[in-house]
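Chemist: fold the following for me, if possible:
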Amino acid sequence: MNPNELADELEAQNFDYWLNLMLDNVPNDLDKREGSIIYDALAPAAMAGAQQSLSLANIIRETYIKTAQGEFLDYRAVEHGTSRYAATNTEVKARFNDDDGNPVNVEVGDRFASIAESPIFYTVIKSNDDGTAEMQAEEAGTSANSYLGQVLPVTPNDNLAWAEIIEITIPARDEENDEHLRARLLNHNSWVAYGGNVADYLDMTSKIHDVGATQVYPTWDGPGTVKLVIVDNDFKPASDTLVKEVKEKIDPEDQTTQGYGLAPIDHRVTVVAPEAFKVNITTTVKLDVQANQAAVEKSIKDMLERFFTELRQGWNKINPAVGRGYALAIYRSKILSKIMMVKGVADATLPKLNDKDDDVVLTFNNETSQLPMLGEVKLDG
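Modeler: I've put the predicted structure just below:
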């Protein structure tokens with residue numbers, strides 16, 4: 001019997017279980033019916049027994065990583081030398097102009113708010129001389145990852161006529177959920193992070209909250225060289241800002257190989273973003289008679305976006321078939337099966353990928369690391 005089965009068995013010991021167990025030990029020539037003196041005397045004890053069994057079941061489940069939840073899982077994480085990843089704050093780039101369209105400089109610490117029923121508040125963390133600035137969302141989490149457009153000043157500025165967020169430079173992530181933390185804890189001892197090995201660099205970048213995933217290429221340009229290919233929390237190519245931030249933390253540019261960053265002494269670390277590889281999809285779709293064409297097409301495109309997001313989330317997984325390297329393919333048959341599951345689709349042809357009747361195999365080597373992105377989707381018919 002494993003711990004989960006034991007917990008299930010304890011949970012089955014409810015009020016009726018304990019009451020019947022006690023009544024079975026009472027002579028049959030006594031009145032044991034509901035409302036009798038004996039029944040009423042044993043009922044509270046049966047309720048207490050059921051509550052105790054439930055408490056024991058919870059204790060058993062919260063003891064083990066496989067079944068622990070919430071704060072109990074946090075305690076187990078601390079025992080393994082790690083902790084739950086906290087939510088991070090979105091960083092954006094904004095542009096500021098006066099009435100004539102000329103650049104306006106803002107100050108570090110100035111606050112702005114998005115235009116919405118529940119506005120997102122931002123604080124300027126770096127002011128540039130060209131009328132742009134980098135701002136950080138004040139609330140942690142992914143709520144600010146998708147907002148582009150006008151923002152209103154909270155801090156008064158008489159010269160300012162227009163303020164606009166033009167780019168999400170570093171997307172945020174939400175607090176790590178139980179399932180992700182559990183998987184990390186159970187796999188934590190797969191490799192030992194030590195002395196600048198691959199696991200060590202994965203551990204370094206995992207602690208930089210703005211990095212969503214990393215591919216590590218050791219000795220990619222000779223002994224002592226390490227290449228880190230990083231994506232952001234949306235599993236999209238890291239921005240120049242994020243690449244520079246990671247480089248400075250791992251191996252500062254002006255002190256490379258000196259050991260002033262997280263990298264060991266004499267390691268020359270290169271940090272880059274992956275190459276965005278767009279995949280155009282062409283297929284012919286036949287709809288059900290009563291289906292709305294516009295609605296079905298939108299559902300198909302939304303589904304394909306989710307599918308490519310799932311592909312990117314597996315972009316940094318080691319593939320045992322290629323040794324210590326990476327491998328990822330986009331199969332037409334999988335795309336077809338996804339399309340056929342969309343409500344309103346009666347039939348569809350095997351799609352072409354980038355105008356070819358072939359699956360797409362992405363390239364991963366010392367020079368190129370490709371990240372799949374959905375391109376144009378053509379649904380003829």
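Chemist: any idea which element the residue lying closest to R61 once chain neighbours are set aside lies in?
Modeler: Spatial nearest neighbour of R61, excluding adjacent residues (C-beta to C-beta, 6 or more residues apart in numbering): T67 at 4.2 Å. In this view, the C-beta of every residue, glycine as well, is placed from N, C-alpha and C. According to DSSP states H and E, T67 maps onto no helix or strand at all.
Chemist: ditto for I166
Modeler: Under the criterion of DSSP H and E, I166 resides in strand 162-170.
Chemist: pull the residues that contact the following helix or strand past that strand.
Modeler: Using DSSP H and E, the helix or strand that follows strand 162-170 in sequence is helix 178-186. For helix 178-186, the surrounding residues in contact (C-beta atoms under 8 Å, 6 or more residues apart in numbering) are 65-66, 68-70, 73, 76-77, 80, 82, 84-85.
Chemist: quick one: buried ones out of those residues?
Modeler: Neighbour-count burial (16 or more other C-beta atoms under 10 Å) is assigned, among the contacts of helix 178-186, to 65, 68, 73, 76-77, 82, 84-85.
Chemist: surely H209 and T88 touch.
Modeler: Yes: the pair H209 and T88 passes the contact test of C-beta atoms under 8 Å, sitting 4.2 Å apart.
Chemist: which of the two has more neighbours?
Modeler: The neighbour comparison of H209 against T88 (other C-beta atoms under 10 Å) goes to T88, with 22 against 16.
Chemist: where do the helices sit along this structure?
Modeler: If DSSP state H is used as the criterion, the helices of the chain fall at 3-11, 15-23, 37-63, 70-79, 178-186, 198-206, 240-250, 293-313, 332-340.
Chemist: ok, which of those comes nearest G109?
Modeler: Proximity to G109 (C-beta to C-beta) singles out helix 240-250 among the helices of the chain, at 19.3 Å.
Chemist: off-centre distance for that closest one?
Modeler: The chain centre lies 20 Å from the centre of helix 240-250; the measure is C-alpha atoms, centre = their mean, to the nearest Å.
Chemist: name the helices or strands packed onto it?
Modeler: In terms of contact count using 3 or more C-beta pairs under 8 Å, 6 or more residues apart in numbering; DSSP states H and E, helix 240-250 is assigned the packing partners strand 162-170, helix 198-206, strand 225-231, strand 268-272.
Chemist: okay, those in JSON lines with mean neighbour count and mean pLDDT next?
Modeler: Formatted as JSON lines, the helices and strands packed on helix 240-250 follow (neighbours: other C-beta atoms under 10 Å; pLDDT from 0 to 100):
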{"stretch": "strand 162-170", "mean neighbour count": "18", "mean pLDDT": "95"}
{"stretch": "helix 198-206", "mean neighbour count": "20", "mean pLDDT": "88"}
{"stretch": "strand 225-231", "mean neighbour count": "23", "mean pLDDT": "96"}
{"stretch": "strand 268-272", "mean neighbour count": "19", "mean pLDDT": "95"}
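Chemist: what's the overlap in contacts for H209 and T88?
Modeler: By C-beta under 8 Å, 6+ apart, the residues touching both H209 and T88 are R173.
Chemist: I'd like the helices and strands packed on helix 240-250 written out as TSV, with distance to A57 added.
Modeler: Output for these, formatted as TSV (distance: least, C-beta to C-beta, whole Å):
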stretch	distance to A57
strand 162-170	43
helix 198-206	33
strand 225-231	41
strand 268-272	48
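Chemist: in terms of residue numbering, what are the domains of the chain?
Modeler: Using automatic domain parsing, the domain parsing of the chain gives 3-63, 91-170, 191-272, 275-380.
Chemist: what's across from the spatially closest residue to V154 that is not a sequence neighbour in the sheet?
Modeler: With sequence-adjacent residues excluded and distances taken as C-beta to C-beta, 6+ apart, V154 is closest to R111, at 3.9 Å. Note on R111: beta-bridge partners by DSSP bridges are T123.
Chemist: and the pLDDT for R111?
Modeler: At R111, the model reports a pLDDT of 97.
Chemist: likewise for T257?
Modeler: As summarised for this prediction, T257 has a pLDDT of 74.
Chemist: if we can go back for a sec, wait, the residue nearest to V154 sits on Y122?
Modeler: Yes: with contacts counted by C-beta under 8 Å, R111 reaches Y122, the gap being 6.7 Å.
Chemist: what ranges in the stretch 101-250 of the chain fall below the confidence cut-off?
Modeler: Along the stretch 101-250 of the chain, segments meeting pLDDT under 70 span 188-192.
Chemist: sorry, back to before: closest to E176 out of the domains of the chain?
Modeler: Ranking the domains of the chain by proximity to E176 (C-beta to C-beta) places domain 191-272 first, at 10.0 Å.
Chemist: any idea how far Y326 is from V361?
Modeler: Plainly put, Y326 is 12 Å away from V361 if you go by C-beta to C-beta, to the nearest Å.
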